[in-house]
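K.L.:
predicted model, plus sequence, below.
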Amino acid sequence: MLFDHPLISERYFFPFDEQPPEVSWVEAGGHRLACYRRVIDEKAPMVVHFHGNGEVVADYVPGLADALLAMGVNVFFAEYRGYGGSTGSPKLGSMLGDVEAIYEATGFAPERLVVFGRSIGSIYAVEFARRYPNIGGLVLESAIADVLERILLRAMPDELGCTLDELEAERDAYLDHEKKLAGYSGLLLVLHARGDHLVEPSHAERLHAWARSPDKRLVLFDRGDHNSIFAYNQAAYLAELERFLGKVTGAGWL
């Protein structure tokens, strides 16, 4: 797969080894992923979180993990290959398959899961929704609409030993978010900062427009940027999440 090219891994992923205080190991694709799982109520839903490319699960534990637990939901923070003490090295394309192992490790049925992807994590959250379209809800924060658009900012086709047409064909086969979201009709929340100059707000607008969800919400925060969206908007950000989780629960989870 072209998206597994070492140059993409080198320029697109920035792993480091810090682990969360308690690790839930997940076997995926021949690798061990250092995830974090916390269940406080077997009858409550679970939020499955995929973080950004310059982060690790430990950045969210306790932090966001505790905030979500306080809302009465269970949490599962997914780690990537090579991150947080996980074995292997990150590969953009191959890690799409790790979504199945993550799902199995949650221990919850799809309809009781809210899948949450931030930045590059949106790639895996959208893939999760493609594989399990009956999930209870999908949250995309600072998310990527066109993955190839982002890749071409850091690696050109000739560096990857291929043509632009070949990259576009592979994007269409594996990373077509428009097509994937067209198959998702569940609840959707899209969060983005207007000042995000790394992944521009147009990505959020496209993702929101592409989703077939009859109940979808787009929130563009006036403050913050790609990496400070939560810090500058914490109260409003958490309020949006809590409102969304309440809506999902009201849709007949329990």
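P.N.:
In hand now; what should we look at? Numbers count the residues shown, from 1 in each chain.

K.L.:
CA atoms for contacts and neighbours, from now on please.
P.N.:
Will do.

K.L.:
start to end distance for stretch 15-22?
P.N.:
End-to-end distance for stretch 15-22, by C-alpha to C-alpha, to the nearest Å: 19 Å.

K.L.:
avg pLDDT for it?
P.N.:
Averaging pLDDT along stretch 15-22 yields 95.

K.L.:
how about residues contacting it?
P.N.:
Contact with stretch 15-22 is made by 34-36, 53-59, 61, 82-86, as judged by C-alpha atoms under 8 Å, 6 or more residues apart in numbering.

K.L.:
what does stretch 155-164 give?
P.N.:
For stretch 155-164, contacts defined as C-alpha under 8 Å, 6+ apart pick out 2, 5, 7-8, 11, 167.

K.L.:
just flag the most distant two among these.
P.N.:
11 and 167 (16.5 Å; C-alpha to C-alpha).

K.L.:
compare these two (neighbour count), which wins?
P.N.:
residue 167 (20 against 12; other C-alpha atoms under 10 Å).

K.L.:
ok, now which ones touch residue 226?
P.N.:
142, 192-193, 195-199.

K.L.:
save those residues as TSV, and put in distance to residue 209, neighbour count and pLDDT too.
P.N.:
Output for the contacts of residue 226, formatted as TSV (distance: C-alpha to C-alpha, whole Å; neighbours: other C-alpha atoms under 10 Å; pLDDT from 0 to 100):
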residue	distance to residue 209	neighbour count	pLDDT
142	15	29	99
192	14	31	99
193	17	26	99
195	20	18	98
196	19	21	99
197	20	10	97
198	20	12	97
199	17	20	98
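
K.L.:
now, among the residues you listed, which is nearest to residue 240?
P.N.:
Checking the contacts of residue 226 against residue 240 with C-alpha to C-alpha, the nearest one is residue 192 at 11.9 Å.

K.L.:
ok so residue 27 is a strand residue?
P.N.:
Yes: applying DSSP: H, G, I helix; E, B strand; the rest coil, one finds residue 27 inside a strand.

K.L.:
how far away is it from residue 88?
P.N.:
Distance of residue 27 to residue 88, computed by C-alpha to C-alpha: 11 Å.

K.L.:
and what of residue 65?
P.N.:
According to C-alpha to C-alpha, residue 65 stands 25 Å off from residue 88.

K.L.:
kindly report the same for residue 8.
P.N.:
The spacing between residue 8 and residue 88, counted by C-alpha to C-alpha, is 15 Å.

K.L.:
quick one: contacts of the longest helix seen in the chain?
P.N.:
In the chain, taking DSSP state H as the definition, the longest helix is helix 234-250. For helix 234-250, contacts defined as C-alpha under 8 Å, 6+ apart pick out 45, 67, 71, 114, 136-137, 187, 189, 230.

K.L.:
how about residue 122, what does it touch?
P.N.:
Residue 122 makes contacts with 50, 116, 140-141, 143-144, as judged by C-alpha under 8 Å, 6+ apart.

K.L.:
save those residues as a markdown table, and put in neighbour count, secondary structure and distance to residue 206 too.
P.N.:
Formatted as a markdown table, these follow (neighbours: other C-alpha atoms under 10 Å; DSSP: H, G, I helix; E, B strand; the rest coil; distance: C-alpha to C-alpha, whole Å):
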| residue | neighbour count | secondary structure | distance to residue 206 |
| --- | --- | --- | --- |
| 50 | 26 | strand | 20 |
| 116 | 26 | strand | 17 |
| 140 | 27 | strand | 12 |
| 141 | 24 | strand | 13 |
| 143 | 29 | coil | 10 |
| 144 | 27 | coil | 9 |
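
K.L.:
from those, pick the one nearest residue 175.
P.N.:
Using C-alpha to C-alpha, residue 144 comes nearest to residue 175 of these, at 10.6 Å.

K.L.:
go ahead and confirm that closest one touches residue 204.
P.N.:
Yes: taking C-alpha atoms under 8 Å as the definition, residue 144 is a contact partner of residue 204 at 7.3 Å.
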